[in-house]
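Student: mind looking at a prediction? Sequence and model below.
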Amino acid sequence: MKNLIENTFTKNKIKLIKSGKPYFDLLLKLISESIQSIHIQTYIFNDDETGKSIVNALKIASQKKVKIYLLVDGYASKNLSKIFIENLKKENINFRFFNPLFKNNNFYFGRRLHHKMIVIDAKYAVVGGMNIADRYNDCHNIKAWLDFAVFLEGPIAKELCILCWKTWNGFKVNKTEEYCKENNTLFHFKESETSLSRIRRNDWVRSKNEISTTYKQILETAEKEITIICSYFIPGSKAKKLLKFAINKGVKVRLILASQSDVPIAKSAERWMYDWLLRKNVEIYEYQPTVLHAKMCVVDEKFVTIGSYNINNISAYASIELNIDIKNENFAKEVNQNLDTIIKDNCIQITTEIYHKTNTIFKQFYHWVSYRIFRIVFFLFTFYFKRQE
């Protein structure tokens, strides 16, 4: 890719992690090896088997005097019980809900903490799309939802530590670097081990639209191929124009989307887009084995962006999102090979013929209604938050 600002990238070791046992085994290992601090910030934290295993590991770390900070979204994790929270505090685990602008027992309004990351000792970090819940794990012989994260080692971990502190304190504290002094490590990686990587955020209340800018750059500067895997692909008008621009340049665009969704109306709204996408020669593949929850894009086998950001206006304008941009041809090729395998082994391609055969006039009407409902919801969110910019 061209025109990316080089001085915003740092050199870090990067590893792609898939959802399920590999992801949660890594989290448990990092927590058990922590020495000074643990930050966990996530949209959903469930008090289920997976959540309990993480809490048990945090309790052991706390007994070793590791300082622990757990921040969860106030809407998505609102069902955590008072007993659960009190038990955390008894173990000296600092816990906090990320609060909305206002709420009561029946209503919640405001931006949501949608990013998912863990930072250990300001030295290691994991950023991706997985929440802390059984459905992202391999539990009870049930296959985990498909998702991805990156394991990061290097100076970017300190940057993420500082971001954790800012978010924990409601973005009201300056000089947060003082909180991440534990990382005085000088990393001595071999050049071949490192990837150029940077943090990208979307938070319109804080005037951040970095992930949206990354996708804009992707669609404007891609030369050969873009592959996007996304759980809720409902691009707004600006994203559609950029997508059309890339296609008109001759860029091949592949989409890996869900066949089954945890939000059925969102899937229906997404399918309303299929006719337009197919007419633009976009390749559409629906993932079959389980729910697809991943949010990742690879471009020209050179560049990857991965994190919590879905390509829709909620991610663009309303939620707090976190992605990592990565420039490394070997890593990008690895990601592309993973996506090629997913397409080959686990997807059905939705061709124009299949689309028209499987869509009755009643299904089309339902997809259209779903799409219009989502557009209205997006407008209400984006109108309010744009006014706050």
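Tutor: Thanks, I have it.

Student: in the stretch 101-250 of the chain, where is pLDDT below threshold?
Tutor: Scanning the stretch 101-250 of the chain with the threshold set as pLDDT under 70 gives 101-110, 171-179, 181-184.

Student: distance of the residue sitting nearest the centre point of the chain from Gly170?
Tutor: With distances taken as C-alpha atoms, centre = their mean, Ser308 lies nearest the centre of the chain, 1.4 Å away. Taking C-beta to C-beta, to the nearest Å as the measure, Ser308 falls 19 Å from Gly170. (Glycine included, C-beta is placed from N, CA and C.)

Student: cool, Leu146 as well?
Tutor: Taking C-beta to C-beta, one finds Leu146 at 33 Å from Gly170.

Student: so those two - more neighbours on which side?
Tutor: Each of Leu146 and Gly170 has its neighbours counted (other C-beta atoms under 10 Å); Leu146 has more, 23 against 10.

Student: what sits closest to the more buried one if chain neighbours are left out?
Tutor: Spatial nearest neighbour of Leu146, excluding adjacent residues (C-beta to C-beta, 6 or more residues apart in numbering): Leu292 at 4.8 Å.

Student: these two touch, right, the one you found and Leu255?
Tutor: No: Leu292 is beyond contact range of Leu255, at 11.0 Å (criterion: C-beta atoms under 8 Å).

Student: intersection of neighbour lists for the two?
Tutor: Residues within reach of Leu292 and of Leu255 at once, by C-beta atoms under 8 Å, 6 or more residues apart in numbering, are Ile229.

Student: so those two - more neighbours on which side?
Tutor: Per other C-beta under 10 Å, whichever of Leu292 and Leu255 has more neighbours is Leu292, with 27 against 22.

Student: how about the secondary structure of Ile83?
Tutor: helix (DSSP: H, G, I helix; E, B strand; the rest coil).

Student: try Arg200
Tutor: strand.

Student: ok, it to Leu30 distance?
Tutor: 22 Å.

Student: skip the chain neighbours and tell me the closest residue to Gly154.
Tutor: Closest to Gly154 by C-beta to C-beta, 6+ apart is Asn12, at 3.2 Å.

Student: Glu159 now?
Tutor: Ile199 (5.7 Å).

Student: check contacts around that neighbour.
Tutor: Residues near Ile199 by C-beta under 8 Å, 6+ apart: Ile156, Glu159, Leu160, Leu163, Leu322, Asn323, Ile324.

Student: mind listing the helices in the stretch 251-389 of the chain by residue range?
Tutor: 264-272, 274-279, 313, 329-346, 352-358, 361-388 (DSSP state H, counting those that start in this stretch).

Student: least reliable of those helices going by mean pLDDT?
Tutor: Mean pLDDT is lowest for helix 361-388 out of the helices of the stretch 251-389 of the chain, coming in at a mean of 63.

Student: which one of the helices of the stretch 251-389 of the chain lies nearest to Arg96?
Tutor: helix 361-388 (22.3 Å; C-beta to C-beta).

Student: how many residues are close by Val126?
Tutor: Using other C-beta under 10 Å, Val126 has 23 neighbouring residues.

Student: ok, it to Met117 distance?
Tutor: 6 Å.

Student: same check on Trp168?
Tutor: According to C-beta to C-beta, Trp168 stands 12 Å off from Met117.

Student: what's the overlap in contacts for those two?
Tutor: Contact criterion C-beta under 8 Å, 6+ apart; residues bridging Trp168 and Met117 by contacting each: His39, Gln41.

Student: more neighbours: which of those two?
Tutor: Met117 (24 against 19).

Student: could you look up the SS state of that one?
Tutor: Assigned with three-state DSSP, Met117 falls in the strand class.

Student: so it touches Cys164, yeah?
Tutor: Yes: at 7.4 Å, Met117 counts as touching Cys164 under the criterion of C-beta under 8 Å.

Student: got the domain boundaries for this protein?
Tutor: In terms of domains, the chain is parsed into 20-144+155-188, 199-388 (source: automatic domain parsing).

Student: those: which one's closest to Thr8?
Tutor: Checked against C-beta to C-beta, the stretch from the domains of the chain lying closest is domain 199-388, at 8.6 Å.

Student: quick one: contacts for Ala149?
Tutor: Leu16, Ile17, Ser19, Tyr23, Lys116, Val126, Val127, Gly128, Gly129, Met130, Ile306.

Student: list the contacts of the fifth one.
Tutor: Read it as Lys116. Contacts of Lys116 (C-beta under 8 Å, 6+ apart): Gln41, Thr42, Tyr43, Val127, Gly128, Gly129, Met130, Asn131, Ala149, Gly307, Ser308, Leu322.

Student: is it fair to say the fourth one lies in a helix?
Tutor: Read it as Val127. No: counting by three-state DSSP, Val127 is located in no helix; its state is strand.

Student: apart from its chain neighbours, what residue comes closest to it?
Tutor: Distances taken as C-beta to C-beta, 6+ apart put Met117 closest to Val127, at 4.6 Å, once the chain neighbours are dropped.

Student: would Lys13 count as being in a helix?
Tutor: No: assessed with three-state DSSP, Lys13 is strand; it does not lie in a helix.

Student: who's in contact with it?
Tutor: With contact set as C-beta under 8 Å, 6+ apart, Lys13 has these partners: Leu152, Glu153, Gly154, Phe189, Glu193, Thr194, Ser195.
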